[in-house]
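Student: only geometry, no sequence info:
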């Protein structure tokens, strides 16, 4: 999440990274490559023509090995295509905007394409009680910023996935709390 204030410092806008992360590109390509390999192995076992340069799947029996490899290949290609579509659509990406001129907080996230597939939440700054930091260490660590709203609960502000560093979380939380004039909780 990167923050940038406009020239008049009345608007603070934080960009939120969605599905377009390097690890997602890596896994989409791995799944697509593996699916293609399995499908080519299946076709090679059926036609007895070697389509793979590093192995010889023509020695496999089509029933049951080649057929099962074909199913695995098709499933992996479908999954890999879905992962690539998520990257193309940037699902989860968006911004948090805190505007002192209009006295509004806007939380925007990109969803799947189609009608009404975007999330846009708009609240008055007066409803913001605090900025809350959540820290959970261990095997599955969680470090997140939440906007604590009166009568509405907590709204997450940070991206899902790899936790951000503790120093960066503290800086973002303190900057946001200072900008809106509310307390910072959880540290």
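Tutor: Here it is on my side, so go on. Just so we're clear, the structure is a prediction, and the values are computed from it rather than from any experiment.
Student: what's the neighbour count on the spatially closest residue to residue 34 that is not a sequence neighbour?
Tutor: Leaving aside its sequence neighbours, residue 34 sits nearest to residue 76 (Cβ to Cβ, 6 or more residues apart in numbering; 5.4 Å). (C-beta placed from N, C-alpha, C; glycine too.) Per other Cβ atoms under 10 Å, the neighbour tally for residue 76 reads 20.
Student: Tell me the secondary structure at residue 76.
Tutor: helix (DSSP: H, G, I helix; E, B strand; the rest coil).
Student: so it touches residue 28, yeah?
Tutor: No - Residue 76 is beyond contact range of residue 28, at 10.9 Å (criterion: Cβ atoms under 8 Å).
Student: if we can go back for a sec, show me what contacts the residue nearest to residue 34?
Tutor: Neighbouring residues of residue 76 by Cβ atoms under 8 Å, 6 or more residues apart in numbering: 31, 32, 34, 35, 38.
Student: and the second one, what are its phi and psi?
Tutor: Put plainly, it is residue 32. Dihedral pair for residue 32: phi -60, psi -40, per degrees, to the nearest 10.
Student: With the first one instead?
Tutor: Here the main-chain torsion angles of residue 31 (degrees, to the nearest 10) amount to phi -70, psi -40.
Student: Outline the domain layout of this protein.
Tutor: 2-18+91-185, 24-89 (automatic domain parsing).
Student: And those domains, which one averages the lowest pLDDT?
Tutor: Ranked by mean pLDDT, these end with domain 2-18+91-185 in last place, scoring a mean of 88.
Student: Spell out, range by range, the strands that occur in the chain.
Tutor: Along the chain, counting by DSSP state E, strands occupy 2-5, 11-16, 94-99, 104-109, 119-124, 128-136, 142-149, 153-156, 184-185.
Student: out of those strands, nearest to residue 48?
Tutor: Closest to residue 48 of the strands of the chain is strand 104-109 (Cβ to Cβ; 50.9 Å).
Student: Scan the contacts of residue 76 and report the most crowded one.
Tutor: Busiest of these [other Cβ under 10 Å] is residue 38, holding 22 neighbours.
Student: contacting residues for that residue?
Tutor: Contact analysis of residue 38 by Cβ under 8 Å, 6+ apart lists 69, 70, 72, 73, 76.
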